[in-house]
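Colleague: Fold the following for me, if possible:
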Amino acid sequence: MFAALEGTALAQALRQARWGYAAVNATHILGIALLVGAILPLSLRFLGLWRSVPRAALVRVLVPVAAAGLALAVAAGLLLFSVRAREYAGLGVLQIKLVLVATGALAAVALHVRHGFLLETAGEARLRVHAALSIACWLGALACGRLIAFAGG
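Modeller: Numbers count the residues shown, from 1 in each chain. Sure thing, here's the model as predicted:
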């Protein structure tokens, strides 16, 4: 399956196109920046910082930014993965990263499904637990992603 992915025309084109690969890599980084740049201040607000700023106002702005960042990072990440899928698939650090991304994303979706888009029914204690989990997942995924370069990727 991974060999077939590497053999796709798109993966082959990315391996040959120096600037194309660089553009996809930059897109992945932009997605990560949007995601983490939105999640961290929101999570810090859930943990008690900036109490004077209405929670709903931050959620309304930062959640769509984080979601767009996640979509961009995942799409670009899949393209980057396709270039050397067999090699990357065996990296433990990538497997950990994927678990952290899935956990962070699913936790956020579950929180919003249960408590509404603006989290109007979520209690402070629930939001603090979610914030701690979110920070751990996204910073962990960020660190693991960076370590891929040193783990053979």
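Colleague: what sits against the residue nearest in space to the middle of the chain?
Modeller: Geometric centre of the chain, nearest residue: Leu70, 4.6 Å, by C-alpha atoms, centre = their mean. Listed by C-beta atoms under 8 Å, 6 or more residues apart in numbering, the contact set of Leu70 reads 31, 35, 101, 105. No exception for glycine: its C-beta is placed from N, CA and C like everyone else's.
Colleague: Name the SS class of it, please.
Modeller: Assigned by DSSP: H, G, I helix; E, B strand; the rest coil, the conformation of Leu70 is helix.
Colleague: and the gap between it and Ser52?
Modeller: Distance, Leu70 to Ser52, using C-beta to C-beta, to the nearest Å: 28 Å.
Colleague: repeat for Ala143
Modeller: From Ala143 to Ser52 the distance is 32 Å (C-beta to C-beta).
Colleague: okay, those two: which has more neighbours?
Modeller: Comparing Ala143 with Ser52 by other C-beta atoms under 10 Å, the one with more neighbours is Ala143, at 13 against 5.
Colleague: Quick check, pLDDT for that one.
Modeller: In the predicted model, Ala143 carries a pLDDT score of 96.
Colleague: how far is the helix or strand hosting it from where the chain is centred?
Modeller: In this structure, Ala143 sits in helix 124-147 according to DSSP states H and E. Helix 124-147 has its C-alpha centroid displaced from the chain centroid by 10 Å (C-alpha atoms, centre = their mean, to the nearest Å).
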